[in-house]
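Below are the sequence and a predicted model; questions follow.
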Amino acid sequence: MNTFIKKPEKISGKVQLPGDKSITHRSLIFGSIAEGKTHIFNYSKGKDCLSTLNCLRNLGVEINEKDDGLIIDGCPFKEPEDILDCGNSGTTIRLISGILAGNPFYSVLTGDSSLRKRPMDRIIKPLTMMGGEIYGRDNNRYPPLTIIGNKLKGIKYKMEVASAQVKSCLILATLFADGESIIEEPCQTRDHTERMLKYFDGEIEKIENKIIVKGHQRLKGKEVYIPGDFSSACYFIAGATLVPDSELIIENVSLNPTRTGFLNVLERMGGNFEILKEKEISGEPVGDIKIEYTERLKGIEILPEEVPNIIDEIPLVAVLGSIAEGKTIVKGAKELRVKESDRIKSISTELKKLGAKIEEKEDGFIIEGVKKLKGAKVNSWNDHRIAMSLIIASFIAEGQTLIENCECVDISFPEFFDKFKFLGVNFDFI
């Protein structure tokens, strides 16, 4: 699917977004291993989260759809009759692998062509140290993964890469292990797993960058309300920031401080926004965000320690930097090269087509802002975050922009186009 886009006159109104993708993954998983029933409200229906849901069903978990959400009847996992298909979802394959490593049966996990290129040695190594038996393609580097469940033991492990998925994998594995695990992060990553474990009556402790988890915990089913996805909200925040005369309120969105690094970046660039109606729901901070058009942004430098909490939004930062005054520099983001696409290369290549001055670096890029972008034919690289970032760039490009292969937005945000149409943006699909 391709789409033609012209500059919208403005982006204005109020909007509520689908449930947070990261929290949906984790609520499905915790509900499946907890005792009793879990009721999940406002879950994400993106393809990645549906991959997790389907894998859990194939592991014997009863998950029923109701008008107001999902009901999960937690139970011990059963050996799957077929290969578990994780689709495009790195979260699915890495988190579920942690649980399967400690369950006494055989399983195989795979995914699409993109997922089969993503590194899995970062979970295979520590899970093997815990006593797991896991095999991957190319000397245990890539999926498909074969897991033969074993009796696990806790681990003291210093993570080599700042990754919430790796951390979460090891936390989940420890719940099926003897003893306790001490997991040390290089720097803070998103903490939805830690918050949700506590919410499901589990025990977890954090001392500086060390996370301490006890084995063989018994969790209890809960009601979970999932706030709007902050990463999805960032595209609306950026759109309203860039398009003249815009004024937008995004309601009931996640404000988890390990996820809102994009707001810190926008504030430093001179963006105009404010937080309203802050509260806590199901262990997560939630609120509204009001955004108004900013006439001129300024370039900034993003340092390596900032990257983990804006990793999904860095292509969007490139869009902001493309018309900001001065230079925007991103360093320490090499992890972007092993996402659904090589996101450093893909966003650099496509923004250049729109007239941006961007220099690709091994671990990031340097962008010198221009006065305006120009419409062109660009491609999503079949990466949902690249597609959505290019759509925002098209909002400020002179003339018409054609974006190829936009259907990939369904991976995380199938309602993306409908939500923007509601706010006054027109799309022509071909």
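Right, received. Where do you want to start?

Buried residues of the helix or strand harbouring residue 143, list them for me.
Using DSSP states H and E, residue 143 sits in strand 142-148. Of all the residues in strand 142-148, those buried under the rule 16 or more other Cβ atoms under 10 Å are 142, 143, 144, 145, 146, 147. (Each C-beta comes from the backbone N, C-alpha and C, glycine too.)

One more: stretch 292-305?
By 16+ other Cβ under 10 Å, the buried positions in stretch 292-305 come out as 293, 294, 297, 298, 299, 300, 302, 304.

same deal with stretch 359-376?
The neighbour-count check on stretch 359-376 (16+ other Cβ under 10 Å) flags 364, 365, 366, 367, 368, 369, 373, 375, 376 as buried.

Show the pLDDT at the closest residue to the fourth one other than its chain neighbours.
Translated: residue 367. What sits nearest to residue 367 in space, not counting adjacent residues and going by Cβ to Cβ, 6 or more residues apart in numbering, is residue 321, at 4.0 Å. If you check residue 321, the pLDDT there is 98.

host element of residue 321?
helix 314-322.

Which elements pack onto that helix?
helix 230-242, helix 261-268, strand 327-330, helix 343-353, strand 357-361, strand 364-368, helix 384-394 (3 or more Cβ pairs under 8 Å, 6 or more residues apart in numbering; DSSP states H and E).

Among those, pick out the one with the most neighbours on average.
helix 384-394 (a mean of 28; mean count of other Cβ atoms under 10 Å).

so for that one, what's the average pLDDT?
Here helix 384-394 scores 97 as its mean pLDDT.

Counting by contacts, list what that helix packs against.
Helix 384-394 packs on strand 3-6, helix 230-242, helix 314-322, helix 343-353, strand 400-404, going by 3+ Cβ pairs under 8 Å, 6+ apart.

Nearest to residue 215, out of these?
Counting by Cβ to Cβ, residue 215 lies closest to helix 230-242 out of the helices and strands packed on helix 384-394; the figure is 31.6 Å.

Check which element follows that closest one along the chain.
strand 247-254.

mind listing what's buried in that next one?
248, 249, 250, 251, 252, 253, 254.

any idea of the pLDDT on the closest residue to residue 387 other than its chain neighbours?
The shortest distance from residue 387 to any non-neighbouring residue, by Cβ to Cβ, 6+ apart, is to residue 380 (3.6 Å). Listed pLDDT for residue 380 reads 97.

ok, now how distant is residue 380 from residue 229?
Remark: distance between residue 380 and residue 229 (Cβ to Cβ, to the nearest Å) = 19 Å.

Just give the number of residues close to residue 399.
11 (other Cβ atoms under 10 Å).

Tell me how far the spatially closest residue to residue 376 that is not a sequence neighbour lies from residue 346.
Closest residue to residue 376 apart from its sequence neighbours, by Cβ to Cβ, 6+ apart: residue 353 at 4.5 Å. Here residue 353 is placed at a distance of 11 Å from residue 346 (Cβ to Cβ).

Bridged to residue 427, which residues?
On the basis of DSSP bridges, residue 427 is bridged to residue 5.

That one is in contact with residue 421, isn't it?
Yes. Proximity of residue 427 to residue 421 meets the contact threshold set by Cβ atoms under 8 Å, at 7.0 Å.

between those two, which one's more packed in?
Neighbours per residue, other Cβ under 10 Å: of residue 427 and residue 421, the larger number sits with residue 427, 17 against 11.

confidence score at residue 310?
In this model, residue 310 is scored at 95, pLDDT.

Spit out the contact partners of it.
Listed by Cβ atoms under 8 Å, 6 or more residues apart in numbering, the contact partners of residue 310 are 261, 262, 265, 302, 317.

what angle do the helix holding residue 321 and helix 230-242 make?
Interaxial angle of helix 314-322 relative to helix 230-242 (axes from the mean of the first three to the mean of the last three Cα atoms, to 10 degrees): 10 degrees.

which regions of the stretch 1-150 of the chain lie under the pLDDT threshold?
Counting by pLDDT under 70, the stretch 1-150 of the chain has no low-confidence residues at all.
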